[in-house]
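# Okay, predicted coordinates and the sequence, questions at the end:
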Amino acid sequence: MLEFKEIELSDKEWIQPLLELSDYQGCEYNFTNNYVWKDIYDVTVSRWQDFYICKYGDSFAFPAGRGDVRGLLAELKSYCDAQGYPLKFASMDKSVKLMLERDFPGEFEFSTSEGAYDYIYTAESLRTLKGKKLHSKRNYINRFKELPYTFERITPENIDECRKMSTEWCVRNNCENNSEKSDEMCAVGMGLQHFFELGLEGGLIRVDGAVQAFSYGERQNSNTFVTHVEKAFTDYDGAYPMINYLIANELCGGYEYINREEDMGEENLRKAKRSYHPAYMLEKYRAVYVGNGFDERK
């Protein structure tokens with residue numbers, strides 16, 4: 001029977017290689033995201049052969065790795081039966097959905113929600129902002145460049161300033177009275193607390209010496225950088241476009257794509273992410289098992 005434990009920093013040593021076997025582009029398949037959201041989404045983890053199983057409460061991300069999928073599904077079904085709830089996948093890549101439909105026809109019911117799709121941009125488009133559609137972004141950046149600003153990589157020497165800015169951002173944006181913002185900023189704080197252990201990369205902008213914006217992310221898969229966090233004060237017009245532009249240029253030179261994660265159905269966030277005209281939306285699916293078992297299937 002599968003056994004699950006709370007995810008810990010030391011688990012990255014065995015989880016990361018299994019994530020790399022699947023090379024998924026979706027932000028759920030990322031150790032940092034699994035770790036920093038662990039208390040909010042009740043994340044626990046397990047391993048079965050060469051599969052990494054990430055559990056959110058009573059559902060799973062479809063496991064990353066490789067091997068006997070039928071055996072994996074049988075193990076998950078047995079575990080869920082013992083726990084008294086159905087086998088459910090909270091997220092899976094479209095390629096996994098197509099595989100399940102092909103190999104297990106009629107055994108799963110699928111659903112999807114656009115609010116869970118990741119925004120995928122070409123790194124080149126965010127580095128150059130070429131074209132008529134991104135003209136307004138270039139204007140913001142050109143105006144911001146007139147300010148006495150500097151850009152720095154996040155280091156052990158300046159990360160405390162990012163923590164202080166994050167706390168101030170939360171106060172200014174009334175996180176205390178908004179549970180979603182409060183949860184997000186707890187995850188941001190966890191990322192900053194364990195920034196270097198997690199292998200994150202980031203940068204900050206100063207204006208007249210004071211930190212006005214910071215952002216961080218990391219390698220998601222073989223061709224994609226994922227931006228986990230982007231925070232800016234609105235004291236200066238263009239702070240958000242500028243930190244986005246600088247991260248793309250300073251940290252993403254070796255990548256084809258940048259994943260800026262999902263909008264969670266939040267209208268302002270959706271508007272902001274769509275304004276950069278993504279190359280495509282990374283579709284994700286939920287699934288519930290409605291079959292009769294896997295052991296006898298050929």
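Noted; the coordinates are in hand.
# could you point out which element follows the helix or strand residue 78 falls within?
Here residue 78, judged by DSSP states H and E, is contained in helix 69-83. Once helix 69-83 ends, the next helix or strand along the chain (criterion: DSSP H and E) is strand 88-93.
# and for that following strand, what are the contacting residues?
Under the contact criterion CB atoms under 8 Å, 6 or more residues apart in numbering, strand 88-93 has outside partners 24-26, 28, 56, 58-62, 80, 100, 116, 284-289. Where C-beta positions appear, they are placed from N, C-alpha and C, glycine not excepted.
# then it to CSV, C-alphas only?
What follows is strand 88-93 as a C-alpha-only set of coordinates in CSV (Å, rounded to 0.1, in the frame of the first residue of the first chain):
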residue,chain,number,x,y,z
LYS,A,88,-9.2,11.7,-8.8
PHE,A,89,-6.6,13.7,-10.6
ALA,A,90,-6.6,17.4,-9.9
SER,A,91,-4.3,18.1,-12.9
MET,A,92,-2.8,16.4,-15.9
ASP,A,93,-1.2,17.4,-19.1
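# next SSE after it?
As the chain continues past strand 88-93, the following element, by DSSP H and E, is helix 94-103.
# which other residues reach that following helix?
When contacts are defined by CB under 8 Å, 6+ apart, helix 94-103 is touched by residues 62, 69, 70, 92, 107, 108, 110, 283, 284, 285, 287.
# I'd like the list of those residues that fall within helices, please.
Assigned to helices by DSSP state H, the following of the contacts of helix 94-103 qualify: 69, 70.
# neighbour-wise, which of the contacts of helix 94-103 leads?
Sorting the contacts of helix 94-103 by how many neighbours each has (other CB atoms under 10 Å) puts residue 62 first, at 30 neighbours.
# With adjacent residues omitted, what lies nearest to that one?
Taking CB to CB, 6 or more residues apart in numbering as the measure, residue 62 lies nearest to residue 92, with 3.8 Å between them; neighbours along the chain are not counted.
# Now residue 162. Nearest residue, chain neighbours left out?
What sits nearest to residue 162 in space, not counting adjacent residues and going by CB to CB, 6+ apart, is residue 214, at 4.6 Å.
# Give me the phi and psi angles of that neighbour.
Note on residue 214: its backbone torsions stand at phi -150, psi 160 [degrees, to the nearest 10].
# residue contacts, residue 214?
Counting by CB under 8 Å, 6+ apart, residue 214 touches 154, 162, 165, 166, 202, 203, 204, 205, 229, 231, 232, 243.
# isn't there a strand covering residue 15?
No - inclusion of residue 15 in a strand is not indicated when DSSP: H, G, I helix; E, B strand; the rest coil is applied; the result is helix.
# Farthest-apart pair in the contacts of helix 94-103, please.
Farthest apart among those by CB to CB are 70 and 283. That separation is 24.4 Å.
# Residue 212 belongs to a strand?
Yes - assigned with three-state DSSP, residue 212 falls within a strand.
# that older thread, any idea of the mean pLDDT in the helix holding residue 78?
Here the mean pLDDT over helix 69-83 is 97, rounded to a whole number.
# Need the contact partners of it.
Contacting residues not belonging to helix 69-83 are listed as 1-2, 48-49, 51, 53, 58, 60, 63, 86-88, 99, 103-104, 289, 293-295, 297 [CB under 8 Å, 6+ apart].
# Recalculate using a threshold of 7 Å.
Counting by CB atoms under 7 Å, 6 or more residues apart in numbering, helix 69-83 makes contact with 1-2, 48, 51, 60, 63, 86-87, 289, 293-295, 297, all of which sit outside it.
# Which of the residues you listed sits closest to residue 267?
Out of these, the member with the shortest distance to residue 267 (by CB to CB) is residue 60, at 29.2 Å.
# Was I right to think the closest one contacts residue 53?
Yes - distance between residue 60 and residue 53: 6.3 Å, which falls inside the contact criterion (CB atoms under 7 Å).
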